[in-house]
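# need a 3D model of the sequence below.
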Amino acid sequence: MLHGSQRIIVMSRFPLVVMGLSQGISKHFSSYSVFFCPGTNVLSAELLAQSALLVGDLSGEREEIESDIRTITALQEGCITPAIFLIPGTVAPELIEPLLKSGNTLLSNRLSLEELIGAIQQTLSKDDLTHSPLEPDTGSHNDISAQTSMLSLTLSERRVLRLLAKGWSINQISSLLNKSNKTISAQKNSAMRRLSLRSNAEMYAWINSLHGMWELNLLSSKKEAGEWN
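Residues are numbered from 1 along each chain as shown. Next comes the predicted model:
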């Protein structure tokens with residue numbers, strides 16, 4: 001297992017949430033130990049780097065969420081430990097933009113425990129397959145190109161792709177983000193160039209692929225419990 005650790009960090013400022021998540025994770029992932037974390041003040045870069053996964057509940061007041069995101073963003077610099085964050089539906093999209101990075105999965109905090117367990121299983125499995133230093137990537141040149149290019153996508157490009165994946169049109173996205181259609185189209189086209197995608201058909205095929213959904217922090221429509229963005 002990556003990071004040389006079988007530990008999952010469960011973070012929440014609410015003791016009942018920590019208890020519920022920890023019991024569920026311990027039951028379904030018995031080979032992992034669970035570290036109880038009451039808040040970001042207990043987290044450290046070393047602890048994060050030596051763990052297999054962070055499951056963080058970011059519920060709270062706006063000021064508390066902003067503080068948590070600032071701390072987490074700083075701790076994740078240079079760290080490849082994957083994280084799943086549970087986000088309240090009332091949180092504004094721009095507030096959570098710093099968390100939109102490869103390796104992070106953002107979910108509604110209204111997900112059932114069963115759905116969260118499924119997301120954890122997917123994350124741990126993806127982590128093993130993607131980052132194992134013992135098994136070189138045997139994918140095609142295009143797959144490698146897309147995986148490498150994804151790391152350089154801007155937050156704006158990621159956000160446009162995410163909204164396109166959720167069925168939003170260019171007009172709707174421009175209205176939501178208060179930007180011109182020309183700007184949104186330019187960001188979409190720029191993202192396609194970075195990913196070596198030559199048409200809208202290829203773009204939507206990539207978005208709906210397992211790799212695309214992972215990189216954009218998307219769940220399939222069957223597993224997604226609610227719209228949070």
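# quick one, domains of the protein?
2-131, 141-215 (automatic domain parsing).
# now the first one: mean pLDDT?
Mean pLDDT, taken over the full extent of domain 2-131, equals 86.
# swap in the shortest one?
Computed over domain 141-215, the mean pLDDT rounds to 78.
# residue boundaries of the helices in this structure?
With DSSP state H as the criterion, the chain has helices at 15-28, 45-49, 62-75, 113-131, 141-150, 155-165, 170-177, 181-194, 200-207, 210-215.
# and the residue of the chain most remote from its centre, how close does it get to S51?
Centroid-distance maximum for the chain: K182 at 27.8 Å, with Cα atoms, centre = their mean. To S51, K182 is 44 Å away according to Cβ to Cβ, to the nearest Å. (Each C-beta comes from the backbone N, C-alpha and C, glycine too.)
# next: E63.
27 Å.
# these two - which one has more neighbours?
Between E63 and S51, S51 has the larger neighbour count (other Cβ atoms under 10 Å), namely 25 against 8.
# bridging residues for the most centrally placed residue in the chain?
Nearest to the geometric centre of the chain sits T105, at 2.0 Å (Cα atoms, centre = their mean). Note on T105: beta-bridge partners by DSSP bridges are I84.
# show me what contacts it?
Residues in contact with T105 (Cβ atoms under 8 Å, 6 or more residues apart in numbering) are 82-85, 119, 123, 214, 217.
# just the buried members of those?
Neighbour-count burial (16 or more other Cβ atoms under 10 Å) is assigned, among those, to 82-85, 119, 123, 214, 217.
# which of those sit farthest apart?
F85 and W214 (14.9 Å; Cβ to Cβ).
# buried ones in stretch 106-120?
Buried, per 16+ other Cβ under 10 Å, within stretch 106-120: 106-109, 111, 115-117, 119-120.
# ok, now stretch 197-208?
197, 203, 206-207.
# now stretch 54-67
For stretch 54-67, the neighbour count (16+ other Cβ under 10 Å) marks 54-60, 65 as buried.
# now stretch 84-101
Result for stretch 84-101 [16+ other Cβ under 10 Å]: buried residues 84-87, 91, 96, 99-101.
# keep only those of these that are in strands.
In strands, defined here by DSSP state E, the members of the buried residues of stretch 84-101 are 84-87.
# need those residues in JSON lines (columns: distance to I72).
As requested, those are arranged in JSON lines below (distance: Cβ to Cβ, whole Å):
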{"residue": "I84", "distance to I72": "12"}
{"residue": "F85", "distance to I72": "8"}
{"residue": "L86", "distance to I72": "13"}
{"residue": "I87", "distance to I72": "12"}
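# tell me which of the residues you listed is nearest to Q23?
L86 (15.9 Å).
# got a list of what the nearest residue to T73 once chain neighbours are set aside touches?
Spatial nearest neighbour of T73, excluding adjacent residues (Cβ to Cβ, 6 or more residues apart in numbering): P98 at 4.4 Å. P98 sits next to 69-70, 73 when contact means Cβ under 8 Å, 6+ apart.
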